[in-house]
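Chemist: Let's see this in three dimensions:
(2 chains)
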Amino acid sequence: MAAKAAAAPVAELTGPLAGLKEKFGEAVKPGDFEGVVINHDRLVEVATYIRDELGYDYLTSVTGVDYLAQNEMEVVYHVLNTRAGGAPLVFKARTPRENAVVPSLITVWPGADFQEREAWDLLGIKFEGHPYLKRILMWEGFSGHPLRKDWKEAYYEQDVKPFDSRWPGGHHRRAEDRVPYADNVNFPADFDPTVYTAQADAAVYERFKNYEVDERGQFVPKEAVKDENGNGKFQEYLETDELVVNLGPQHPSTHGVFRMVVALDGEKIMHLEPVMGYLHRNHEKIGERNTYIQNMPFTDRLDYLSSMSNNFGYALAVEKLMKVTPPERAEYIRVIMAELTRICNHVWAIGFLLNDLGAFFTPALYAIEERELILDLFEAVSGSRMMCNYFRFGGVARDLPVGWLETCRELVFNRLPKKVDELDYFLSENEIIRARCEGSGVLTGDDAVKYSTAGPVLRASGVAYDVRRAEPYSIYERFEFDVAVRNHGDVYDRYLIRLDEVRQSLRILQQALNQIPEKGEIQAGKKQYSARVPAGQAYGRVEGPKGELGFYVVSDGTANPYRYHIRAPSFINLTALGPMSVGQKIADAVIILGSIDIVLGETDR
Amino acid sequence: MSQAEPFPNDPMVPPELSSNVFISTIDKFYNWGRKRSMWPMMFGLACCAIEMICVAAGRYDLARFGAELMRPSPRQADLMIVSGTVTKKMVPTIVRLYNQMPEPKYVLSMGACATSGGPFKEGYNVVSGIDKFLPVDVYVPGCPPKPEALLQGLLKLFEKIEKQSIRDVAWYRKTAIEAVPVPVLGPDLIDMRRAMEIREMSQSPVEPAADPAQA
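Modeler: Sure, this is the predicted structure:
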């Protein structure tokens, strides 16, 4: 459990890491954490060895940490073994802050794509060899890399909270009154907006410059103009113009403010470029100013459909550092909340996948009805329908109200199983659903691992990887349940697996509701206004409804996290969207996106 | 539309037609029709959009107020519910969508973020409220507002519409209504209405006035 898995400095490399030292000598050094530091000259080589020889086939998280005092940037990698399970292997590469460069690992793990772009965007770390190292959350042309410790936002007041003006000062001025432009903006010196040319959109379309007009006047990819026989590759198609179409950021089927730029040949997708960041709310920058406990309500707003699950992940990461274990009753409450959240999320996802398929709102109404009943339970314990802010380090915020368990039992034992069967009965064999979903957006198991997809997307491709089994957290090892797996990797399987997972969640819930102690503590130790977190670093992860949700927290022993990073499944799952959609019809791109089930709060953070 | 106190200039309705004809003001008819067929734009920004969807669903049933017909196209929409955090990257699109909506159009700012930036106000990519760019008719507080609160906001908007008169609303005047200039994504968000000011300020930055309370 949390406390046992806490990171301890290793002086000597043991276990699988011993071989690394032997093979690569001085290029691999033990770090002051549970892992190794790799010299960036040989990073690709060592990473390939880690993947091929040590069996860590899945790159789960890539992020950077800015150590201002040491004048150093660190890139932190967490890799997993999807076959053997277990804790992630951590390795790091270090580079000076000025002109920070490390080699890109996109050739070793293609799932590094978006995460490396994010690290470039927010921390200014260059990844040499990345084919398209452009900003991903901010726009091209934005000045500065916001997560660098010396970068200050327009409304900057102080490095960390609570700000002196509020406490103990008790006097607060409107941010607008404090700053030169009287708004949340800052411009470089001598900036002239009247002659400025925006680059934001040009950078998005840059990738489409790989297209050119061939001798027949067609807009075709450069490398595909001629095949080995000298024939035009697309000549079997009708003489159509290739067309670049924007879906979003305002589009009813992008589930929020997500944008897909697609190049179309007729109705067929030739290239798909996801564009995101339209809901980038600077979660990490704000998180590093906040105290530990202040971040809890912010995690609610990540994946706003499953706030309890987000709370869980963050609580686990900080508990690893604090070395506390919640009491028995609190553990059960946590599991119950997390599984209810999963049901909530999956019925919603199914409802809205049907929306995308054109069955507008009727199936969604059935799904929302069940979700509302679960939200009532959440509201009863936490006071809020969506933003629960219910978990605390070492427990939960308050005990269950009288009668809550009875209502929950009624729902879990009697109502929900029937309603899942009902959804299944009405939808699964529907001819239109099968015709549209079967065989579209296929993602093979190998590709799913390669692109670092997680959760239902990964498991629908036949990879039985579930954090609850691979590295059990909380009390999941006590429950009997199956890891839902489907093998075709198409949209239909990604729909079916959500039904399977709801059924497994109900199984867990039924056991938890039978076993939960009637009375007991819900908080380890006493409630604290400010958590005391020892220096160190921890990666806490849970199997969220969208996939592996990880929180990487670096503490320097003060009241605020030094680095706070979220491994967001919605964000990383989108890596596979392009490869899944190319060659499909444009209408199918919509359901492929629906079957990934993204939430923009988490994608853009 | 009571006939209890007819205006002196009202034409007389013959008694045999009194159950078929009734007389009112144009304003009343316009406003009644407008508020009972308010088509919101299907436009979700963040967490609040989920509550907005819940309002449209069975339990809260937006259809009771004639506003269930969410339109994905701004050309067919009367009401923009700004449901969530307005980011700098998104605001050019929002302004463009607003400009594309035909008159009469209304804006409802849903939740703390759309109103002021909310919990994310200090963020470098967050606009401190949609009212920096668009005229807002109703603000609904909450993070997110409960569905009941959104319905209340809608009813407040109806109250506002009831008070409008075709004589003085902007969209029945001869002068054209100017579109809101679309902001540009530069080194930071450029509000084009302030372009000249920004140019001057960036050449010689002016410190804001000192805190009066500190002095």
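Chemist: what about the nearest residue in space to A:Ala189 that is not next to it in sequence, which SS state?
Modeler: Distances taken as CB to CB, 6 or more residues apart in numbering or on different chains put B:Ser202 closest to A:Ala189, at 5.9 Å, once the chain neighbours are dropped. Quick note: C-beta positions are derived from backbone N, CA and C, even for glycine. What DSSP: H, G, I helix; E, B strand; the rest coil gives for B:Ser202 is helix.
Chemist: What of A:Val262?
Modeler: strand.
Chemist: Leaving out chain neighbours, which residue sits closest to the one residue in chain B that gets nearest to chain A?
Modeler: Closest contact between chain B and chain A, by CB to the nearest CB, is at B:Gly123 (3.3 Å). Counting by CB to CB, 6+ apart, A:Asn282 is the residue found nearest to B:Gly123 once chain neighbours are left out, at 3.3 Å.
Chemist: Neighbours of the one you found, how many?
Modeler: Close neighbours of A:Asn282, defined as other CB atoms under 10 Å in any protein chain shown, add up to 24.
Chemist: Check A:Ala263 too.
Modeler: A:Ala263 has 23 nearby residues by other CB under 10 Å.
Chemist: measure it to chain B for me?
Modeler: 21 Å (CB to the nearest CB, to the nearest Å).
Chemist: In contact with residue 73, which residues are there?
Modeler: Chain wasn't specified; assuming chain A. With contact set as CB atoms under 8 Å, 6 or more residues apart in numbering or on different chains, A:Met73 has these partners: A:Gly64, A:Val65, A:Asp66, A:Tyr67, A:Arg94, A:Thr95, A:Pro96, A:Arg97, A:Ala100, A:Leu123, A:Ile125.
Chemist: nope, chain B
Modeler: Counting by CB under 8 Å, 6+ apart, B:Ser73 has contacts B:Met41.
Chemist: so where's chain B uncertain?
Modeler: Along chain B, segments meeting pLDDT under 70 span B:1-7, B:209, B:211-215.
Chemist: which stretch of helix or strand covers A:Leu416?
Modeler: Per DSSP states H and E: A:Leu416 is located in helix A:416-427.
Chemist: Any buried residues in that helix, and which?
Modeler: A:Leu416, A:Pro417, A:Lys419, A:Val420, A:Leu423, A:Asp424, A:Leu427 (16 or more other CB atoms under 10 Å in any protein chain shown).
Chemist: Tell me the one among those residues nearest to chain B.
Modeler: A:Lys419 (13.9 Å).
Chemist: what residues are up against the residue of the stretch 251-400 of chain A found nearest chain B?
Modeler: Residue nearest to chain B within the stretch 251-400 of chain A: A:Asn282 (3.3 Å; CB to the nearest CB). Contact analysis of A:Asn282 by CB under 8 Å, 6+ apart lists A:Pro146, A:Glu153, A:Arg605, B:Phe120, B:Glu122, B:Gly123, B:Tyr124, B:Asn125, B:Val126.
Chemist: picking that back up, test my guess that the residue nearest to A:Ala189 contacts A:Asn186.
Modeler: No: using CB atoms under 8 Å, B:Ser202 is not in contact with A:Asn186, being 9.3 Å away.
Chemist: circling back: distance of the residue of the stretch 251-400 of chain A closest to chain B from A:Lys546?
Modeler: The gap separating A:Asn282 from A:Lys546 is 21 Å, by CB to CB, to the nearest Å.
Chemist: hmm, back to that, what's downstream of the helix holding A:Leu416, the next helix or strand?
Modeler: Moving toward the C-terminus from helix A:416-427, the next helix or strand (DSSP H and E) is helix A:431-437.
Chemist: Looking at that next one now, give me its mean pLDDT.
Modeler: Here helix A:431-437 scores 91 as its mean pLDDT.
Chemist: Packing partners of it?
Modeler: helix A:328-357, helix A:491-515, helix A:586-596 (3 or more CB pairs under 8 Å, 6 or more residues apart in numbering or on different chains; DSSP states H and E).
Chemist: mind running it again at 10 Å?
Modeler: Here helix A:431-437 touches helix A:328-357, helix A:416-427, helix A:491-515, helix A:586-596, going by 3 or more CB pairs under 10 Å, 6 or more residues apart in numbering or on different chains; DSSP states H and E.
Chemist: Sketch out the low-pLDDT regions of the stretch 1-150 of chain A for me.
Modeler: If you take pLDDT under 70 as the line, the stretch 1-150 of chain A has these spans: A:1-16.
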